[in-house]
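Colleague: I'll drop the sequence and a predicted model, then ask my questions.
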Amino acid sequence: MPKISNKGKLMPESPIRKLVPYAEIAKKKGNKVYHLNIGQPDIKTPEVAMNSIKNLDIKVLEYSHSAGFESYRKKLSQFYINHGLPINTEDIIITTGGSEALLFAMGSCLDHGDEIIIPEPFYANYNGFSTASGVNVVPVISSIDTGFDLPPIAEFEKLITPKTKAILICNPGNPTGYLYTQEEILQLAALVKKHDLFLIADEVYREFIYDETDKHYSVMNIPGIEENAIMIDSVSKRYSMCGARIGCIVSKNKEVMATAMKFAQARLSPPTFAQIASEAALDTPASYFVEVIEEYKERRDILISELNKIEGVKVATPKGAFYCIAQLPVDNADAFAQWLLESYDNNKETVMVAPAAGFYSTKGVGLNEVRIAYVLKKEDLVRSVQILKDAILVYNSK
């Protein structure tokens, strides 16, 4: 029998999706499952985006340019400029989601066996993208006790070797919701400049910031690192368009963009209908975002308040995105999450969470942590935490 690749064997399972079969079994048993495991917003996609594709009169569904429609890239450039980011049309390549943008970035900047430093916990698929690219993740641990702020720069310097080619951050962070300060971004900028590294910033949650005193600082705004900085973006969260699978890779480094273009050409082009909708989404009125951010802030505050009422739970208040990491009074969050779906219900209801160990690269870390996405309406979040509280008591009494 032919053997599958070693790379395939090493590809990690998604901690977000691997429990889906158990959720399906729970639903077949008649249980309602509250999905706290995945960042799928329940916010309506802007009407301007949906209307743009409802009555299209297209005779032939053609390829677009490999970099994406020029009209979209021009409009997206103006969107960034309007938000204070000096990004030109030629600095942008449209991708099939932020995921492909990350793969293009790794493929363009790192060779097989090279190293990328990532503060952990981090978006679980960074492990998968790195494995697929033949890149080694070198983690630097941040702590729930400090709200998952940036680890000391000295900790990064200790990890830099001749194989180190890049540092990757998510800002605001998935899964922690941490928002890096201007000082932290400047520290990273100085570090990559000193060691001639790339700084790749996944900024897909840029708009999701909840406190007036906080501000997002983009790597594209830092003078002096134009050749080092690569920004990853996406329409998925900003416009609640996860299914569109449209993102982009952005950089002032012309060699990086020329190399990324070769990857873009190899996959031909991003999807046409989704680009049309994404271009139209740029006309979304500002009031949409005011309402969305207000709603998520209320959800965050309710979730954190309710979680803090559970004895033994520790949670860091997220400043952005729509996730938090919660430390639970259980030995193994993976087993607990499966048990919630397989063996437990509270009046025919249960919850699905994402075990946080999968958001770490360091083995044995995060075993009693879960990621919770506050993408449900407020009353469902309250009910979910009530179920979680009762479930912890039942689980620990077994």
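Modeller: Received the coordinates, thanks. Predicted model only: the values in this text are computed from it and were never measured.
Colleague: where's Val382, which helix or strand?
Modeller: Assigned by DSSP states H and E, Val382 belongs to helix 378-396.
Colleague: For that helix, buried residues please.
Modeller: Of the residues in helix 378-396, 380-381, 383-389, 391-392, 395 count as buried by neighbour count, 16 or more other CB atoms under 10 Å. Backbone N, C-alpha and C define where each C-beta goes, glycine included.
Colleague: go on, stretch 47-60?
Modeller: Those would be 48-49, 52, for stretch 47-60 by 16+ other CB under 10 Å.
Colleague: again, but for stretch 268-286
Modeller: Under the neighbour-count criterion of 16+ other CB under 10 Å, stretch 268-286 has 269-272, 274-282, 284 buried.
Colleague: Okay, strands next: where are they in the chain?
Modeller: 32-35, 92-95, 115-120, 136-141, 164-170, 198-202, 229-234, 247-250, 314-315, 323-327, 349-352, 354-355, 369-373 (DSSP state E).
Colleague: Can I get these in a markdown table including mean neighbour count, mean pLDDT and distance to Val60?
Modeller: Below are the strands of the chain laid out as a markdown table (neighbours: other CB atoms under 10 Å; pLDDT from 0 to 100; distance: least, CB to CB, whole Å):
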| stretch | mean neighbour count | mean pLDDT | distance to Val60 |
| --- | --- | --- | --- |
| strand 32-35 | 18 | 95 | 39 |
| strand 92-95 | 26 | 98 | 20 |
| strand 115-120 | 22 | 98 | 41 |
| strand 136-141 | 18 | 97 | 43 |
| strand 164-170 | 22 | 98 | 39 |
| strand 198-202 | 25 | 98 | 35 |
| strand 229-234 | 26 | 98 | 28 |
| strand 247-250 | 28 | 98 | 25 |
| strand 314-315 | 18 | 97 | 52 |
| strand 323-327 | 24 | 97 | 41 |
| strand 349-352 | 22 | 97 | 42 |
| strand 354-355 | 28 | 94 | 42 |
| strand 369-373 | 27 | 97 | 39 |
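Colleague: for the residue nearest the centre of the chain, what are its contacts?
Modeller: Among the residues of the chain, Asn174 comes closest to the average C-alpha position under CA atoms, centre = their mean, at 4.6 Å. For Asn174, the contact set (CB atoms under 8 Å, 6 or more residues apart in numbering) comprises 39, 122-123, 202, 205, 321, 323.
Colleague: Equivalent analysis for Pro329, please.
Modeller: By CB under 8 Å, 6+ apart, the contact set of Pro329 is 311-313, 368, 392, 396.
Colleague: And for Arg299?
Modeller: Counting by CB under 8 Å, 6+ apart, Arg299 has contacts 322, 374-378, 381.
Colleague: what do you get for Phe289?
Modeller: Phe289 sits next to Glu207 when contact means CB under 8 Å, 6+ apart.
Colleague: and the gap between it and Asp114?
Modeller: 38 Å (CB to CB, to the nearest Å).
Colleague: Same check on Val315?
Modeller: Counting by CB to CB, the gap from Val315 to Asp114 is 35 Å.
Colleague: Check Ile293 too.
Modeller: Applying CB to CB to Ile293 and Asp114 gives a distance of 38 Å.
Colleague: again, but for Val138
Modeller: For Val138, the distance to Asp114 - CB to CB - is 10 Å.
Colleague: who touches both of these two?
Modeller: Overlap of the contact sets of Val138 and Asp114 (by CB under 8 Å, 6+ apart) consists of Thr164.
Colleague: Would you agree Asp331 is in contact with Ile392?
Modeller: No: Asp331 is beyond contact range of Ile392, at 11.7 Å (criterion: CB atoms under 8 Å).
Colleague: Just the pLDDT for Arg389.
Modeller: Slight slip there: residue 389 is Lys, not Arg. As predicted, Lys389 sits at a pLDDT of 97.
Colleague: Could you tell me how many residues sit around Glu255?
Modeller: Residues lying near Glu255 (other CB atoms under 10 Å) number 11.
Colleague: Check Met1 too.
Modeller: Using other CB under 10 Å, Met1 has 3 neighbouring residues.
Colleague: Then the one 10 residues further on?
Modeller: A total of 14 residues lie near Met11 under the criterion other CB under 10 Å.
Colleague: ok, so what distance separates it from Gly134?
Modeller: 12 Å.
Colleague: now do Val219
Modeller: Distance, Val219 to Gly134, by CB to CB: 25 Å.
Colleague: Neighbour count: these two, which is higher?
Modeller: Between Val219 and Gly134, counting by other CB under 10 Å, Val219 is the more crowded of the two (26 against 14).
Colleague: Tell me the confidence at the more buried one?
Modeller: pLDDT for Val219: 98.
Colleague: ok now do it, which residues does it touch?
Modeller: 185, 189, 199, 201, 203, 225, 229-231.
Colleague: Just the closest of these to Glu298, please.
Modeller: Glu298 lies nearest to Glu203 out of the contacts of Val219, by CB to CB, at 23.8 Å.
Colleague: count of neighbours near the closest one?
Modeller: Neighbourhood size, Glu203 [other CB under 10 Å]: 22.
Colleague: Next one: Met50, what pLDDT does it get?
Modeller: 96.
Colleague: could I get the strands of the chain as CSV with distance to Arg73?
Modeller: Output for the strands of the chain, formatted as CSV (distance: least, CB to CB, whole Å):
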stretch, distance to Arg73
strand 32-35, 34
strand 92-95, 5
strand 115-120, 27
strand 136-141, 31
strand 164-170, 24
strand 198-202, 19
strand 229-234, 12
strand 247-250, 8
strand 314-315, 40
strand 323-327, 30
strand 349-352, 38
strand 354-355, 34
strand 369-373, 30
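Colleague: quick one: stretch 121-129 to chain centroid distance?
Modeller: Taking the mean of its C-alpha atoms, stretch 121-129 sits 9 Å from the chain's own mean (CA atoms, centre = their mean, to the nearest Å).
Colleague: would you put the C-alpha positions of it in PDB?
Modeller: Extracted in PDB, the C-alpha atoms of stretch 121-129 (Å, rounded to 0.1, in the frame of the first residue of the first chain):
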ATOM      1  CA  PRO A 121      -0.600  30.900  22.400                       C
ATOM      2  CA  PHE A 122      -1.200  31.600  18.700                       C
ATOM      3  CA  TYR A 123      -3.800  30.900  16.000                       C
ATOM      4  CA  ALA A 124      -3.700  27.100  15.700                       C
ATOM      5  CA  ASN A 125      -3.300  27.100  12.000                       C
ATOM      6  CA  TYR A 126       0.000  28.800  12.200                       C
ATOM      7  CA  ASN A 127       1.300  25.400  13.100                       C
ATOM      8  CA  GLY A 128      -0.300  23.900  10.000                       C
ATOM      9  CA  PHE A 129       0.900  26.600   7.700                       C
END
